[in-house]
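A.B. asks: Output the structure for:
(2 chains)
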Amino acid sequence: MGYPHPSHPRETPVLSKHFGEPEARTLKGWRDRGGYVALEKALKMDPAEIQTIVKDSGLRGRGGAGFPTGVKWSFMKPDGKQHYLCCNADESEPGTFKDREIMRWTPHALVEGVALGAYAIYASVAYIYIRGEFTEPLEQVRAAVKEAYAAGVIGENALGTGKTVHVHVHQGAGAYICGEETALMNSLEGRRGNPRIKPPFPAVAGLFGQPTTINNVETLAATPHILNNGAEWYKQFGRPDNPKSVGTKLFSVCGNVARPGNYEVPLGFNFGEFLWDLCGGAGEGREIKAVIPGGSSVPFLTAEECRTAVMDYEGFVAAGSMLGSGGVIVFDDRQDMVRQIARLCRFYAHESCAQCSQCREGTAWTTKILERIAAGDGVAQDFDTLLSIADNMTGKTICVLSDSCATPVVSGLKKFRHEFEAKLKASPNVVSFAGTATAAAAPRAAGPTV
Amino acid sequence: MADVKQVTLTIEGRPVVVPEGTSILEAAKTAGILIPHYCYHPGLPVAGVCRMCLVEVEKFPKLAPACATAVGEGQVVHVHSPKALEARKGVLEFLLINHPLDCPICDQAGECELQDYTFQEGRADSRYLEPKRFNPVEDFGGDVLYVTNRCILCTRCVRFMDKVAQEPVLNVSERGDRATIGIHPEADLGGHAWSGNVIDLCPVGALVSKDFLNKARAWELDRTASVCPNCTQGCNSILETRDDTVVRMRPRANEAVNQYFLCDQGRLDYRWLERRDRAELPYVRAQTARGGTELAATDWDVALREAAALLNGRRARVLASPMLSNEALGLLARVVARTGGTGVFTVRTGDEAPLVGVPDLALRADRAANVIGAELLGFERREIGAVLDGLGADDVLVVADEELAGLAPTLPAGVRVLVVGTTVPTWAAGADVVLPITNMAEEEGTFTNLRGRVQRFLQAKAAHGLARPSWYVLGDLLAAMGDGEGYFTAADAFAALAAAQPSFAGLSYDALGLRGLPVADAERFAAEPALAGAA
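C.D. replies: Predicted structure coming up:
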């Protein structure tokens, strides 16, 4: 459902089925809609069994990386240690707002998924880390947790099964980097939200040094459906020739698009149909120029590339981008790509945690160059410098924020180089006086540029 | 530790065998390969943030930080491969874009790791066309100035204060390229006795010493292995001199004593080595034309003969300084024995200030280098007020470089005084003979620290005036008294000590090296288990 727009007939609402229904927010309303059946079933099962079902279902992490959820869960063994589940509800990737809607409309779906996930990884305690700016989702989830505790759905004796699942809600302070799983754990522990070096991986030493699993909101919210309907049911969503990407996925669509909002479609959906049929294209009299299909950290696709791209993990890679978080940002023909890319980089420069040299300095440097080009003061050598900086920023840091900043620069320079070139200062060496000569007419001199 | 598995790997084509769990960076060191790095320091927890130590490990998908990657059996590591070099070049460029090129006025120049590695493998030119970021210099308290613009955010200082000093007054404030090292609003580095170490830890010129500011360029300094004389801990140190003047003292690594650290008290208390009110010449008491007496300069032969004559038939009451070397104290003990005298000393004390994160490391309450040496060699420790008690009118008071600071004792009438020291205390101005000796920066010797560890210090500068090394002077004095023939080297004097004193048996300068060894009965001085910690 492209809430607040009416649901499109070609959507497959599973997670978004009850978006827009205020009653679904209450425990009673959620139970009326089949809620907490899966949790009760799960709490009577052996956690290893749940891990197997989720593994068989083919569910992959919906936060962006797409790691198989069941495999991640299976790293957690009954070793007698205190385990933790962290639900990553920081959803800070620009262009992504799917988790927000899950939490706003169906907070119990998340609480159920979190409790189920915690039990499945032998954790008696789960944390939901909600980004600081999400005031309404925070309110809804807090209310749902409170209600669930009061009704004995979670807590010491969850649903009367004798199993213990505690769920705590934690509000972040509004840093993009806290959506990175190890930074999230640091933030939860009360430290500065800096990503940690891996190894050790969270499954070995995570939150408070204990084995920890971190899952995205959408991932966890999908697990009760899998338990209710079975792994085979979940696998039906997807294209037959790609069993690696299955299930339904929420796509947040924003930017220059006729009908922005959240759309739930099965993986393997055609991106062209999605953009132009479901979302209505760029809108009256406009053409789509570029699309970021998976949140601000993934490469651009041109309109042409969008028409044939397939909406799943492998399909977007084949098209030259990534599924990422499913945050679709649409740019129409009015947009100045240099400014847009500069704006994206400014975000990353602002949000860099400042640990790694490449990221701290590279994001800011990249932004300064792009803003200079956007202001008409670019010089030809800037392109080589930008690409070289981007290369130095990629694959060399603790987390991928640095890589994420380099991505739009590299793909922008590849696909929209003409826009960058059009902005260059005509001749860096020649001072042009108004009325005497146009800058474009002046000869391009070689030599030092500054 | 015998059951720790050994791992064999190849670094830059050289086979390396190290214990399991060692980092690639430390493993490379054992093969003599330095992997450039900034944030890593062996005395601090690993941060892995500067990304300078990226190396290529075969079969790894990405470059690996050598400081945070453990060795693996059969790994093949390339430190200087094109890929690794390119990555480091990138890091150097990033670190330099906002770094002021103020090396000509920076105290760190010449001992700056940013300078060194840039020279070694950085870009020759800058591609940075934007304005550089600016932040003002901040006073961090204590001896520390923070020159924000030069900071590369390696966080060594933050980790030192947090994990080693365990007084977390520093942090990284702000994010992105706006980040700087921040200081607690209500506390500064002046409040911690070991905070000066952040200056040494800083790989660039961001944290500089106020004391050393603009005093010397690093390349003008001569560096000498020494031992901090300011308390009984015996931290290994480096005495740095410029034109024969001590201008700085810094820690020298010794895992068994001080790891990589030196307290502020120690590092800043070196000016007394440059005192100008020194005993420069040998003196003997002589008649003046007006019928009085005065200390008259003489030559060494006369002075030594006079001193020996003074001690002939009298008991030597030696007031020794616990700052004297084992060699000097050993020879003084022989003077005491020959004359049937006594040896005493007193120790200036202060508050103990431990460095919490390092086992058995503290600025000790006894503020003198060789208290244990003096005790081992038979000197009796006394309170300062009682130090001269029992001095008889027929005795010779041998003032061995002890000024009894703050005290002006009146000596019993008739007492004869022999000064063997770097200075002549006012209260000993009536001395009969003065034998000028060199201070610890001007001579070679050993101290015994509070755990019974004997450690050598080397000569850092030339002697003052006609002063001679303490062991040389006392050797000659004994010779003049008919005991032996003196010593030509400090090593000989130490060998004589080792031969005569059971505690020092088996030790020699060669065996001690520059890290020291415990005395034979060192278990007497072991730390209480609680103090020894995990080590």
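A.B. asks: any idea how far the residue of the stretch 301-450 of chain B found nearest chain A is from residue B:203?
C.D. replies: Closest contact between the stretch 301-450 of chain B and chain A, by CB to the nearest CB, is at residue B:357 (18.3 Å). (Each C-beta comes from the backbone N, C-alpha and C, glycine too.) Using CB to CB, to the nearest Å, residue B:357 is found at 20 Å from residue B:203.
A.B. asks: Compare these two (neighbour count), which wins?
C.D. replies: More crowded of residue B:357 and residue B:203, by other CB atoms under 10 Å in any protein chain shown: residue B:203, with 25 against 21.
A.B. asks: List the contacts of that one.
C.D. replies: B:38, B:112, B:113, B:114, B:152, B:154, B:156 (CB atoms under 8 Å, 6 or more residues apart in numbering or on different chains).
A.B. asks: Keep only these that also lie close to chain A.
C.D. replies: Among the contacts of residue B:203, the residues within reach of chain A (CB under 8 Å from any CB of the partner chain) are residue B:152.
A.B. asks: Tell me which of the contacts of residue B:203 fall in strands.
C.D. replies: Counted as lying in strands by DSSP state E, out of the contacts of residue B:203, is not a single one.
A.B. asks: Could you report the separation of residue B:19 from residue B:193?
C.D. replies: 34 Å.
A.B. asks: Would you mind telling me which of these two has the busier surroundings?
C.D. replies: Here residue B:19 and residue B:193 are compared on neighbour count by other CB under 10 Å; more neighbours surround residue B:193, at 20 against 13.
A.B. asks: And the contacts of stretch B:388-400?
C.D. replies: Residues contacting stretch B:388-400 (CB under 8 Å, 6+ apart): B:310-311, B:314-321, B:324, B:328, B:332, B:335, B:339, B:341-342, B:382, B:409, B:411-421, B:425, B:428, B:431.
A.B. asks: Which residues of the stretch 101-250 of chain B lie near chain A?
C.D. replies: Residues of the stretch 101-250 of chain B lying near chain A (CB under 8 Å from any CB): B:127-130, B:152-153, B:155, B:171-172, B:174-179.
A.B. asks: So which of these wins on neighbours?
C.D. replies: Among those, residue B:152 has the most neighbours (other CB under 10 Å), with 26 neighbours.
A.B. asks: And that one, how far from residue B:46?
C.D. replies: From residue B:152 to residue B:46 the distance is 17 Å (CB to CB).
A.B. asks: Spit out the contact partners of residue A:310.
C.D. replies: Shown in contact with residue A:310 (CB under 8 Å, 6+ apart): A:239, A:242, A:268, A:269, A:270, A:271, A:316, A:318, A:319.
A.B. asks: Generate a PyMOL selection restricted to the buried subset of the residues you listed.
C.D. replies: A single PyMOL command selects the buried members of these (16 or more other CB atoms under 10 Å in any protein chain shown):
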select buried, chain A and resi 239+268+269+270+271+316+319
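A.B. asks: Adding pLDDT, secondary structure and distance to chain B, write the contacts of residue A:310 out as TSV.
C.D. replies: Listed next are those as TSV, based on pLDDT from 0 to 100; DSSP: H, G, I helix; E, B strand; the rest coil; distance: CB to the nearest CB, whole Å:
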residue	pLDDT	secondary structure	distance to chain B
A:239	93	coil	28
A:242	93	coil	24
A:268	95	coil	28
A:269	96	strand	31
A:270	97	strand	32
A:271	97	helix	29
A:316	97	helix	21
A:318	97	helix	21
A:319	96	helix	23
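A.B. asks: circling back: mark which of the contacts of stretch B:388-400 are part of strands, please.
C.D. replies: B:316, B:317, B:318, B:319, B:320, B:342, B:416, B:417, B:418, B:419, B:420, B:421.
A.B. asks: Show me which residues of the stretch 101-250 of chain A sit near chain B.
C.D. replies: A:175, A:177, A:192, A:197.
A.B. asks: so where is the chain shaky, pLDDT-wise?
C.D. replies: All of this refers to chain A. By pLDDT under 70, the low-scoring segments of chain A are A:1-3, A:427-450.
A.B. asks: Let me rephrase: I mean chain B.
C.D. replies: B:1-2, B:529-535.
A.B. asks: Recalculate using a threshold of 50.
C.D. replies: Counting by pLDDT under 50, the ranges of chain B that qualify are B:533-535.
A.B. asks: Could you list the domains of it?
C.D. replies: Using automatic domain parsing, the domains assigned to chain B come out as B:6-95, B:129-274, B:283-433+B:441-527.
A.B. asks: Straight-line length of the longest one, end to end?
C.D. replies: The separation between the terminal residues of domain B:283-433+B:441-527, taken as CA to CA, to the nearest Å, is 45 Å.
A.B. asks: Could you give the separation of it from the chain centroid?
C.D. replies: Here domain B:283-433+B:441-527 is found 21 Å from its chain centre; the criterion is CA atoms, centre = their mean, to the nearest Å.
A.B. asks: one step back: give me the buried entries from the residues of the stretch 101-250 of chain A next to chain B.
C.D. replies: A:175, A:177, A:192, A:197.
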